[in-house]
Structure formats: structure tokens, C-alpha cells
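Engineer: take a look and give me a structure for this.
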Amino acid sequence: MNAYRTILFEEIEPGVGLVTLNRPKHLNAISGLMLDEFNELFAVLSKDDATRVLVVTGAGRGFCSGANLDDSMIHGDTRTFSDPAQFLDKVQERFAALTLGLRRIPQPVIAAINGVAAGGGFSMAMASDVRVATPEASFIASFANLGLTGGELGSSYFLPRLIGVARSSEILLTGRTVKADEAERIGLINRVVPAESLIEAALSYARPMLTKDGGALKLTKRVLDQNIDAPSLEAAVNLENRNQALMVFSGGFFKLIQPFFKGAAGD
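Structural biologist: Numbering: from 1, shown residues only. Purely as a prediction, here's the structure:
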């Protein structure tokens, strides 16, 4: 893959890619260049059958502190920050593409959260499929603290679906810090593990996924995204039926059920 300046990408095990946000001096704040490099990575991953699962973590003592506010201060007097339409196009939609990209790539995404996940970093963690964190991790919906709404990069979509509306309302409206132990208790993350075990914990989720058909992983990720908003049970089941028909005739299904037939023959 291409060399990046703000992120690192490597294959840590066959089929498992690890992307590390690599601006540790800035707590891995999201810069314009980082957005561009993530877009490049997503374009590669969308066509990469060899990478089956993606793990996302941060370098240093933080996962991601959100948007690089220095960029806002430096460019605050430009046309971008004087015209709402320009801001929407040049800034807001560029940042939003980060979480949309995490959902659009076919690979399941496991967030290995090694420290603060604030603002856009919080949304990145929520946009992942599985989340493991160290005891030092914390989660901050910092948008309201900066004079913005609590809805940013999908936060108002992801958070209620993870922990319910009541808790989400309180967290988004107050902008308070959620520590790792609370995050695990309320279902925001899957597990808290020691810092030295963080990547291994992420791999403990990735390895069973690698034994599954690639198409099955992709369609499972998609059906979870779509059916959480299904207008009815019938609509949800119709999508499931279509996916199952596709997988039955993909070639892997009949091979994988052979051991069951052999076992039944011996009864």
C-alpha cells in the first residue's frame, strides 16, 4: 500500500490489517491530510479481498482527540469559514466522510481504543463494529462543549443505537467524559483489557471472523446497518432472505455443511 504521513497501515496477521492514527504529539487529532489519507486507504480496502478485518488504534497515549482545532483557528478568517455552503462542502462533509467510510468498507472494523476518544475520535470508535479499550480510555462527545450540536460524524445516529436514547441524550447534551468502566457497563464498548493486551484482544475478535466466508462478513455488516432502521419486520426478513439466497449459491455453504451430513449418516 501507499506510504502515509498521518496514519500507518500494516498486516499484523494474515487477513488482518492494522491502521494506526499516527499524530501522537497531537493526540492523533484529525487533520485535513489525515482525512485525505483515510479516503485513499478506504478506496484500497474496498477492493482488497486479502484484508478481511480491519483494526483501528492510535499511536501514543490517545486514540483520537477529534478534529485538529488548530486548522480551524488558522483558517477561520478564510472564505470557508465565512460562507456556510463553503464550510459544508470543504469541511463538514469531508470530516463526515471518515465515519461513512468506516461503514462502507466491506471489512468489519475493530476499534482498539488506547486512550481518549473525543469528538470525531468518539464517532470513529462508535462507527466500528467491535470496540475494546484500555482502562485509561475515555469517551467525550465534546461537540456541545465547543458551541456545536451534539450530532457530529454520526454521533446522534450511533450512540442511541448502542446505549439507548436516555443515556445518549445525557451524554450528548452535557459533553461529559465517560470512563472506560462505565462505557463497558452501559454497552458502549465490548470489553476493557490491560493496555499490554489491547491488540491481542482485538485479534481475539478478528480471528474467528477470519474463519468465515468473506461475503458472509460483508453482508452481515450491511444487514446490521440496514435492518436497524428497517420499517418493518417483513422488510428486515426480506433483506435477510435475499442475503441468505446469495450465500447459499456462493459456493461455500455446501462445503461447510458436509460435516453435518457425515455426522447424521453415522446415527
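Engineer: helix/strand/coil for residue 10?
Structural biologist: Classification of residue 10 into helix, strand or coil gives strand, according to DSSP: H, G, I helix; E, B strand; the rest coil.
Engineer: per-residue confidence for the residue nearest to residue 99 when sequence neighbours are not counted?
Structural biologist: With C-beta to C-beta, 6 or more residues apart in numbering as the measure, residue 127 is the residue that lies nearest to residue 99, at 4.1 Å, once sequence neighbours are left out. To be clear about C-beta, it is placed using only N, CA and C from the backbone, and glycine gets the same treatment. pLDDT for residue 127: 97.
Engineer: adjust the sequence numbering to begin at 2 for everything that follows.
Structural biologist: Sounds good: first residue 2 from here, last item residue 128.
Engineer: spit out the contact partners of residue 128.
Structural biologist: By C-beta atoms under 8 Å, 6 or more residues apart in numbering, residue 128 lies in contact with 100, 103-104, 110, 154-155, 159.
Engineer: keep only those of those that are in strands.
Structural biologist: For the contacts of residue 128, membership in strands holds for residue 110, with DSSP state E as the criterion.
Engineer: strands of the chain, start to end?
Structural biologist: Remark: strands of the chain, listed N- to C-terminal, are 8-14, 17-22, 54-59, 63-65, 110-114, 117-119, 131-134, 139-141, 178-180, 192-193; assignment by DSSP E.
Engineer: residue 261 is nearest to which of these?
Structural biologist: strand 54-59 (26.2 Å; C-beta to C-beta).
Engineer: listing partners with orientation, what would you give for the closest one?
Structural biologist: Strand 54-59 has the following sheet partners, assigned by DSSP bridges: strand 17-22 (parallel), strand 110-114 (parallel).
Engineer: any idea which of those strands is most buried?
Structural biologist: The highest average neighbour count among the strands paired with strand 54-59, using mean count of other C-beta atoms under 10 Å, belongs to strand 110-114 at a mean of 27.
Engineer: just the CA atoms of it, as CSV, please.
Structural biologist: Listed next in CSV are the C-alpha coordinates belonging to strand 110-114 (Å, rounded to 0.1, in the frame of the first residue of the first chain):
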residue,chain,number,x,y,z
VAL,A,110,-13.8,-2.8,11.9
ILE,A,111,-12.5,-3.4,15.4
ALA,A,112,-11.5,-0.3,17.4
ALA,A,113,-8.7,-0.8,19.8
ILE,A,114,-9.1,2.3,22.0
